[in-house]
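> Quick one, what's the 3D model for this:
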Amino acid sequence: MSKTRVLVVDDSAVIRRAISDLLAVDAEIEVVGHAANGALALQKIADLKPDVITLDVEMPVMDGLQTLREMKRSGFTVPVIMCSTLTERGAMATLDALSLGAACYVTKPSSSGTAAESIDSLRRELLPKVKALGGHHNRYNREGIRKPSLSPQQSSATATGAPTLREPREASPPVAPQHITQPHIASQPRAKQEIAPSSKDKSIPLPSPRAQVPEADTPVRLAAKSKKSSKIEAVIIGVSTGGPNALAVLLPALPANLSVPVFVVQHMPPVFTKLVADRLDNQCTLTVREAVENETARAGTILIAPGDFHMTLEKNGAGTLVKLNQNAAVNFCRPAVDVMFQSAVAAYGGGLLAVVLTGMGSDGALGCEQVSAAGGQVIVQDAATSVVWGMPGAVAERGLAEAILPLEHIAKEIVRRVSALN
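Residues are numbered from 1 along each chain as shown. Next comes the predicted model:
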C-alpha cells in the first residue's frame, strides 16, 4: 500500500516539527517536505507531488490565503488542511480559506493544558483527515480520472442555488475552486448538475460547488422500503468535513417560504459555528443563527448547534424547544449528529426529513436508523460532490437513504419532500 505523502507548511519551525513528528508515528503517512511560507510551498508542490498539504494561515512572504489563490491559478488540486487557531481572527481566516478551496482544517495546540495534551488532541484531529483525504487523492491519481477544465463562466453555471465564489476582500470572481474528486461506488452513476435560480447577492463571499460536471442523466434515487406518508415537520441536517462549503451551497438555495424549521449539526469548535451562522445568514433568504438554550423552533429559521455543545430538541406543548448540553462526546464529537437526530425523533416522530452531507466517520447513521424506523425520510449527499463520503456513505450502506443526490440537487429535493404533504 502506498503511503500518503504530506507537505507541511508553517513559518514556525516548532510547529513544523510537531506536525511532522505526530504524522511520523503512522506507518501509512510519509512527510515528504517542509516549507516556511507559501512561496516555498508552491515550488515544493511541483517537485514533491504531495497527496495532502497542511497549511498555516499567517506566514511571511506569502500567507495561507495567498497560497490557496496561487494554487488555484497554477492548477494544483492537492487537498489542503488548514492549521488554525481557536480565536475569532483564526476562525474567520479559516472560513476564508475554505471558501478558497481548502478541504478542511485542524486547530493548532493551545496554551491551555499540557503540551502533551495539546499534541495528542492535534494527533486525533489531524491523522484521520490526512489519511482520508490522501487516500482519495491517491485513488484519483491511480484511476487516471481527468478533471474537466472549466472556464469561470462554465464554473458559474454549475453553481445551482449559490452565487459564484468571490474571494475575500477582492472584487472580481475567480475560477471556482477545484477540490479532490472521489471515485463513485459502482451502484451510484454520475448525475448531471442542474442550473437553479441563484440566491440573493450579498457582501460575504460564498464558495461555489466543485468544478466537476458529472456525466450521467439523473441523480440516484432508491425506492423507499415502505410508503411514508407523514407530513414533514422539520428538516434535520448533519455534516462534518467539507461542511461549511456544502452548507453554503445548500442553505441559500432554500426558499424564503419554507414551511418547517431546519436544524443543523456541523462538527466545529466554538467561535467557528457562530461565524458560519453569521455568514450564512447574510446569504440566505431564511434566517440562520447559532442556536441558544430554550429557544422555540420556528418555520423559516435555520438553527446551527454551537461548538462544544450537543443540541437536542424537546417537545413543549404545541412547540419544540432547543436544549443545549455538554454531556460526553458521541462519536468523538460534540456537537454530535446522532444526539440531535435521536432527540428529533422523540420530538417529531416520523415527521422528519434527515439529510446527511459530506463528512468523515459515521456520525448520523444511528440517528437515521431511528428516523427511518419512526417513518421519517432520509436523503444523503453523493460521493462525487462530498469531500469525504464517510457519513453519507455509512447511511447509504445501511440501506437507509431514499435518495443519494449531488449537493446541487438537495435543496430542490428538500422542498419537494416538505411540500408533498404540507
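> what bridges to Val355?
Judged by DSSP bridges, the bridge partners of Val355 are Ile237, Ile379.
> doesn't Ala411 make contact with it?
No: at 9.8 Å, Val355 and Ala411 do not qualify as touching, with contact defined as CB atoms under 8 Å. C-beta coordinates here come from the backbone N, C-alpha and C atoms, glycine included.
> can I get the CA coordinates of stretch 49-63 in PDB?
Extracted in PDB, the C-alpha atoms of stretch 49-63 (Å, rounded to 0.1, in the frame of the first residue of the first chain):
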ATOM      1  CA  LYS A  49       3.800  16.000  -5.700                       C
ATOM      2  CA  PRO A  50       2.300  15.500  -2.200                       C
ATOM      3  CA  ASP A  51      -1.100  13.900  -1.600                       C
ATOM      4  CA  VAL A  52      -2.000  16.300   1.200                       C
ATOM      5  CA  ILE A  53      -0.800  19.700   2.400                       C
ATOM      6  CA  THR A  54      -1.000  21.100   5.900                       C
ATOM      7  CA  LEU A  55      -1.100  24.900   5.600                       C
ATOM      8  CA  ASP A  56      -0.600  27.600   8.100                       C
ATOM      9  CA  VAL A  57      -2.700  30.800   7.800                       C
ATOM     10  CA  GLU A  58      -0.400  33.500   8.900                       C
ATOM     11  CA  MET A  59       3.100  33.400   7.300                       C
ATOM     12  CA  PRO A  60       5.600  35.900   5.900                       C
ATOM     13  CA  VAL A  61       6.300  36.300   2.200                       C
ATOM     14  CA  MET A  62       3.100  34.500   1.200                       C
ATOM     15  CA  ASP A  63       0.400  33.600   3.700                       C
END
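> And Val355 and Ala411? Which one has more around it.
Using other CB atoms under 10 Å as the criterion, Val355 and Ala411 rank with Val355 on top: 29 against 24.
> so what's that one scoring on pLDDT?
On the pLDDT scale, Val355 is placed at 98.
> Please apply the same query to the one 3 residues further on.
According to the prediction, Thr358 has pLDDT 97.
> Is it in contact with Pro392, as I believe?
Yes: if you go by CB under 8 Å, Thr358 and Pro392 touch, sitting 6.8 Å apart.
> what touches both of the two?
Common neighbours of Thr358 and Pro392 (criterion: CB atoms under 8 Å, 6 or more residues apart in numbering): Gln381, Ser386.
> Pro60: what's it in contact with?
Counted by CB under 8 Å, 6+ apart, Pro60 has contacts Asp11, Asn37.
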